[in-house]
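S.K.: With the sequence up front, the predicted model follows.
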Amino acid sequence: MKSIYIAFIFMVSFSLAACKKTPDDQQLYHDQIITFGTVVDISFYGIDRQEARTLTQVLTTQFDYMNEAWHAWHPGVLAEVNEQLATGEPFIADEGIVDLIVQAKTLYQNTHGYYNPTIGQLIELWQFNQFSERRPVRPPLNNAIVEIVDQHPSMDDIRVEGRELQSSNPTVLLDFGGFAKGYAIDRVIEYLKSQGVENAMINAGGDLRAIGRAQHRRPWMIAIQNPNTTLPFAVLPIQGDESVFTSGDYARYFTYRDKHYHHIIDPRTGYPTRHPIRSATVLHDNGAEADAAATALMVTGLEDWHAVAEGMGIAHILLIDDENNVYMTPDMQKRITLLYSPAPNIIILE
């Protein structure tokens, strides 16, 4: 999955739960579960604690199902779909996975192919599909990379007619790591809304979506960390219904002959991205779209970021490079509050 990595955004509002309890504090509920390869923080505000516990149990079941069903390399729905796609023959797929593929096709088109979930064979080749069990020790052979890249796997190779799927390219192997976590968070948030929950945050390893407000009717506050320093340099208030997703090169990687190789593969080259951008953060009203856009922006870097922004309709973008330069759009600049002085070198992306 997108690259299940330790994101560099973390929530600061949870610390309020440790304060002396007052009647208002009792309405703040916080719990944690382990799923999608990360810690998922669940927070509710303004509902009964027993109801919050019950909802957390339901969300745990939903997350666990989606994680198993959408994992490209564990037995499940997506693994079966990949086996069928490799045959080149048409087949009938589960309705839920078809919906996921349809959305992935839209995201692929809107990011101009910078988000490309069909490069699972490259992920396998680099062994990032088994990173949690075994870290790669060296890059794959260039000839093996070129052999896959030259086949140009893309979402356009997958035909969808109702529930019938077929692939015209045998190198297509779907890996939804670039947006599955966002899609899953969107689904559980919509479920919470259907249950009358107005104030909640679902934070999966730093990738999150929040609705309503936090304790004392304040916005949910997110700290933004510079991956070069490990310290937060700004806070971002979110309220209403917004998502914050980050993609970065610092969580899943290995070093070979003093060279850094990370898990974000450029589908054009078959190699990890080679520009100075280390992380990309997106604020948007849709988790799946923010998730895919952050991945796409890590592929484009500064070279073609505006194409992703325009194609996805995203106005709030923040990029950080390896020299501590912070690039942000004017809309993101209006939302960010810097925590200390002197501030990092900030460059506005016009």
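M.R.: That came in fine, so what should we check first? Please read these numbers as outputs of a predicted model, since none were measured by experiment. Numbers count the residues shown, from 1 in each chain.

S.K.: pLDDT below threshold where in this structure?
M.R.: Applying pLDDT under 70 to the chain picks out residues 1-26.

S.K.: hey, which helix is longest across it?
M.R.: For the chain, the helix with the greatest residue count under DSSP state H is helix 49-69.

S.K.: in that one, what counts as buried?
M.R.: Within helix 49-69, the residues that count as buried by 16 or more other CB atoms under 10 Å are 52, 55-56, 59-60, 63, 66-67, 69. Using the backbone N, CA and C atoms, a C-beta is placed for each residue, glycine as well.

S.K.: Make JSON lines from the residues you listed and add distance to residue 41 to it.
M.R.: Shown next, in JSON lines, are the buried residues of helix 49-69 (distance: CB to CB, whole Å):
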{"residue": "52", "distance to residue 41": "13"}
{"residue": "55", "distance to residue 41": "14"}
{"residue": "56", "distance to residue 41": "11"}
{"residue": "59", "distance to residue 41": "11"}
{"residue": "60", "distance to residue 41": "13"}
{"residue": "63", "distance to residue 41": "12"}
{"residue": "66", "distance to residue 41": "17"}
{"residue": "67", "distance to residue 41": "16"}
{"residue": "69", "distance to residue 41": "23"}
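
S.K.: between these, which is closest to residue 88?
M.R.: Ranked by distance to residue 88 (CB to CB), the buried residues of helix 49-69 are led by residue 69 at 23.5 Å.

S.K.: pretty sure that closest one is in contact with residue 99, am I right?
M.R.: No - using CB atoms under 8 Å, residue 69 is not in contact with residue 99, being 11.8 Å away.

S.K.: Residue 290 sits in which helix or strand?
M.R.: Per DSSP states H and E: residue 290 is located in helix 287-300.

S.K.: so what does that helix touch, helix or strand wise?
M.R.: helix 95-110, helix 180-194, strand 207-212, strand 240-248, strand 277-284, helix 305-312, strand 316-321 (3 or more CB pairs under 8 Å, 6 or more residues apart in numbering; DSSP states H and E).

S.K.: Just the CA trace of it, in PDB.
M.R.: Extracted as PDB, the C-alpha positions of helix 287-300 are listed here (Å, rounded to 0.1, in the frame of the first residue of the first chain):
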ATOM      1  CA  GLY A 287      -8.500  11.900   1.500                       C
ATOM      2  CA  ALA A 288      -8.000   9.600  -1.500                       C
ATOM      3  CA  GLU A 289      -7.300  12.500  -3.800                       C
ATOM      4  CA  ALA A 290      -4.900  14.100  -1.300                       C
ATOM      5  CA  ASP A 291      -3.100  10.800  -0.800                       C
ATOM      6  CA  ALA A 292      -2.600  10.300  -4.600                       C
ATOM      7  CA  ALA A 293      -1.600  13.900  -5.100                       C
ATOM      8  CA  ALA A 294       1.100  13.800  -2.400                       C
ATOM      9  CA  THR A 295       2.500  10.700  -4.100                       C
ATOM     10  CA  ALA A 296       2.400  12.400  -7.600                       C
ATOM     11  CA  LEU A 297       4.100  15.500  -6.300                       C
ATOM     12  CA  MET A 298       6.900  13.400  -4.900                       C
ATOM     13  CA  VAL A 299       7.400  12.100  -8.500                       C
ATOM     14  CA  THR A 300       7.200  15.600 -10.100                       C
END
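
S.K.: which residues touch the residue nearest the centre of the chain?
M.R.: In the chain, the centroid-proximal residue (CA atoms, centre = their mean) is residue 291; its distance is 3.7 Å. Residue 291 is in contact with 2, 178-183, 207, 243, 245, counting by CB atoms under 8 Å, 6 or more residues apart in numbering.

S.K.: hang on, the earlier thing: out of the helices and strands packed on helix 287-300, flag the one nearest residue 142.
M.R.: Nearest of the helices and strands packed on helix 287-300 to residue 142, taken as CB to CB: strand 277-284 at 23.7 Å.

S.K.: Quick one: distance of stretch 129-140 to the chain centre.
M.R.: Stretch 129-140 sits 20 Å away from the centroid of its parent chain (CA atoms, centre = their mean, to the nearest Å).

S.K.: residues of that stretch that come out buried?
M.R.: By 16+ other CB under 10 Å, the buried positions in stretch 129-140 come out as 129, 131, 136, 139-140.

S.K.: again, but for stretch 105-116
M.R.: 105, 107-108, 110-116.

S.K.: And stretch 115-126, end to end?
M.R.: End-to-end span of stretch 115-126 (CA to CA, to the nearest Å): 18 Å.

S.K.: What of stretch 300-317?
M.R.: With CA to CA as the measure, stretch 300-317 spans 13 Å from end to end.

S.K.: Give the buried residues for that stretch.
M.R.: Within stretch 300-317, the residues that count as buried by 16+ other CB under 10 Å are 300-302, 305, 308-309, 311-312, 314, 316-317.

S.K.: Would you format those residues as JSON lines with distance to residue 327 included?
M.R.: JSON lines is the format used below for the buried residues of stretch 300-317 (distance: CB to CB, whole Å):
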{"residue": "300", "distance to residue 327": "12"}
{"residue": "301", "distance to residue 327": "10"}
{"residue": "302", "distance to residue 327": "7"}
{"residue": "305", "distance to residue 327": "8"}
{"residue": "308", "distance to residue 327": "13"}
{"residue": "309", "distance to residue 327": "12"}
{"residue": "311", "distance to residue 327": "18"}
{"residue": "312", "distance to residue 327": "17"}
{"residue": "314", "distance to residue 327": "14"}
{"residue": "316", "distance to residue 327": "12"}
{"residue": "317", "distance to residue 327": "8"}
